[in-house]
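# Show me how the following folds:
(one chain, ligands or ions: 1)
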Amino acid sequence: MSISQLARSISQSPTLKLNETAAMLRDKGEPVIHLGGGEPKSKAPINAIINSAALLNSGDVKYTPADGIPALKKAIVRYTEEYYNKLVAADQIMASNGAKQALMTLLYAILNPKDEVVFPAPYWVSYGEMVKLAGGVPVPVAPSDGSFRPTMEDITEVVGSYTKAIIINSPSNPTGVLYSAGFIAEVVAYCEKKKLYLIMDDIYNRLVFDGKTAPNCYEYAKDDTASSRLVVIQGVSKMYAMTGFRIGWAIGNKNLIEAMTNIQSHQSSGPATPSQWAAVGALTGVQSSVESMRLTLENHRNVMVERLRAIPGLQVTKPDGTFYCFPDFRAYEKDSAKLAGFLLEKVRVVAVPGKEFGLDGHLRLSFCGTIKEITEGIERIQWALDPNSANELYLGERKLVRDWL
Ligand SMILES: Cc1ncc(COP(=O)(O)O)c(C=O)c1O
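Have a look, this model is predicted:
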């Protein structure tokens, strides 16, 4: 069998692979604690369930327009007006199978071979692979001051004649940090001046803590012409805990959305109809589930940060949002893949190696599970790493003895 060069250049999504490994170990009865996941535990909002169930009950489940049903687009128009204070037209919106497909289709629509896409490192695992799939070249940019937030100078230094787009994800997966309003204003102005696409991946923008809010890119945009290159990516996966429904969307200029819709119409047609109706329910129904999940996550974040900071030598940046924390474990191990493998093997804790996000020496730990999973998971990590902890640990009935130090 011969596999294409392109396919060979693409790696498996490490987070999905970890889900499989964790599920396999659990099936064997292993007491796995999964701190590697990327989905909240909450249930989908009731209005989402009612809407999709009503459609399924009718049995009349058919193809939809490639860019989404009018009811969903209308709900997105309203949502954008309410949460971004921005009035967009229905023909500036394309709904997709998750934000993932919205992003992928966008990259297909804007990239020519060798075009470069710049994004801050550490970055969400899929950006680089998606850019490569679309024939482009990923250009991650690490903050020069060793923090998780690049400056505008860090970004402009890597922008060149091949640069087509900049992706900003705030708050960020994997670090949870929020970029400042000043930075967002600068990057919007810079992209307008340089005629670059600015892709705002806002998938976590309502999951922000400590009374902060994610800066709204539209507030700083001056170019309101039909050819504005500002694109917002959103979806129901994270804020409504609806990862399995697979609904996301892109908002951009009319011509771009038309080009993206043409691509999607050949790739997958419109997203699954029951999921589109579920998204209408989530967007137009009572919003209290978002706030209650946000509060729960904030509490989980506090517990995780406090416990991690009790481990000697760990450097922990407090996340402003999302459900991820990205501690620096270099005091114990520089190779994050080795460290993640060690923790899985010895204490059955799943964590994602920082290497996958473009920053070794760190692990991404999710706080979207239960408090018990968070506290027990971190207790196990501390036991495995900290030479001052007790010699033995019980995983249920099983006694572990630390024989590797
Ligand atoms: C930064 C970021 N963007 C986009 C997505 C994709 O979300 P969706 O489930 O809508 O495809 C994810 C999911 O993990 C993400 O972390």
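
# for the residue of the stretch 51-200 of the chain found nearest the ligand, what are its contacts?
Residue nearest to the ligand within the stretch 51-200 of the chain: Gly98 (2.6 Å; Cβ to the nearest ligand atom). No exception for glycine: its C-beta is placed from N, CA and C like everyone else's. Listed by Cβ atoms under 8 Å, 6 or more residues apart in numbering, the contact set of Gly98 reads 235, 237, 246-248.

# By neighbour count, which of those wins?
Ile247 (31 neighbours; other Cβ atoms under 10 Å).

# Was I right to think it contacts Gly235?
Yes: in terms of Cβ atoms under 8 Å, Ile247 counts as a neighbour of Gly235; the distance is 6.1 Å.

# any idea how far Ser11 is from Ala214?
Counting by Cβ to Cβ, to the nearest Å, the gap from Ala214 to Ser11 is 30 Å.

# Equivalent analysis for Pro150, please.
Distance from Pro150 to Ser11, by Cβ to Cβ: 24 Å.

# These two: which is more packed in?
Pro150 (24 against 12).

# Please list all residues in contact with the residue in the stretch 251-400 of the chain that the ligand sits nearest to.
Nearest residue of the stretch 251-400 of the chain to the ligand: Thr322, at 7.9 Å (Cβ to the nearest ligand atom). By Cβ under 8 Å, 6+ apart, the contact list for Thr322 reads 171-173, 176, 204, 207, 238.

# Show the pLDDT at it.
Thr322 is assigned a predicted lDDT (pLDDT) of 97.

# Can you name every helix or strand that the helix or strand of the chain with the lowest mean pLDDT contacts?
Every helix and strand of the chain was ranked by mean pLDDT, DSSP states H and E. The lowest is helix 14-27, at a mean of 80. The contact analysis (3 or more Cβ pairs under 8 Å, 6 or more residues apart in numbering; DSSP states H and E) places helix 14-27 against strand 33-34, strand 349-350, strand 352-353.

# and the last one, how far out from the chain's middle?
Going back to what we said before, that points to strand 352-353. Relative to its parent chain, strand 352-353 has a centroid offset of 14 Å by Cα atoms, centre = their mean, to the nearest Å.

# One more: the second one?
The offset between the C-alpha centroid of strand 349-350 and the centroid of the whole chain comes to 20 Å, using Cα atoms, centre = their mean.

# number of nearby residues for Gln264?
Neighbours around Gln264, by other Cβ under 10 Å: 26.

# Quick check: longest helix in this protein by residues?
Identified as the longest helix of the chain according to DSSP state H is helix 288-309.

# what's the helix or strand for the residue nearest in space to the middle of the chain?
By Cα atoms, centre = their mean, the chain has its centre lying nearest to Asn173, at 5.0 Å. Using DSSP states H and E, Asn173 falls within no helix or strand.

# Summarise which helices and strands the helix or strand containing Lys132 is packed against.
With secondary structure defined by DSSP H and E, Lys132 is part of helix 126-133. On a contact count with 3+ Cβ pairs under 8 Å, 6+ apart, helix 126-133 meets helix 98-110, strand 116-120, strand 137-141.

# Rounded mean pLDDT for that helix, please.
Average pLDDT, helix 126-133: 96.

# Output it as CSV, nothing but the C-alphas.
Provided in CSV are the C-alpha atoms of helix 126-133 (Å, rounded to 0.1, in the frame of the first residue of the first chain):
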residue,chain,number,x,y,z
SER,A,126,-4.1,20.8,15.2
TYR,A,127,-3.0,24.2,13.8
GLY,A,128,0.2,23.0,12.3
GLU,A,129,-1.2,19.9,10.9
MET,A,130,-4.2,21.7,9.4
VAL,A,131,-1.9,24.3,7.7
LYS,A,132,0.1,21.5,6.2
LEU,A,133,-3.0,19.7,5.0
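
# got a list of what Phe209 touches?
Phe209 makes contacts with 294, 297-298, 301, 319-321, as judged by Cβ under 8 Å, 6+ apart.

# Compare the residues you listed and tell me which is most surrounded.
Pro319 leads the contacts of Phe209 on contacts (other Cβ under 10 Å) with 28 neighbours.

# how far away is the spatially closest residue to it that is not a sequence neighbour from Leu395?
Take Pro319 and drop its neighbours on the chain: the residue closest to it by Cβ to Cβ, 6 or more residues apart in numbering is Gly176, 2.3 Å away. To Leu395, Gly176 is 28 Å away according to Cβ to Cβ.
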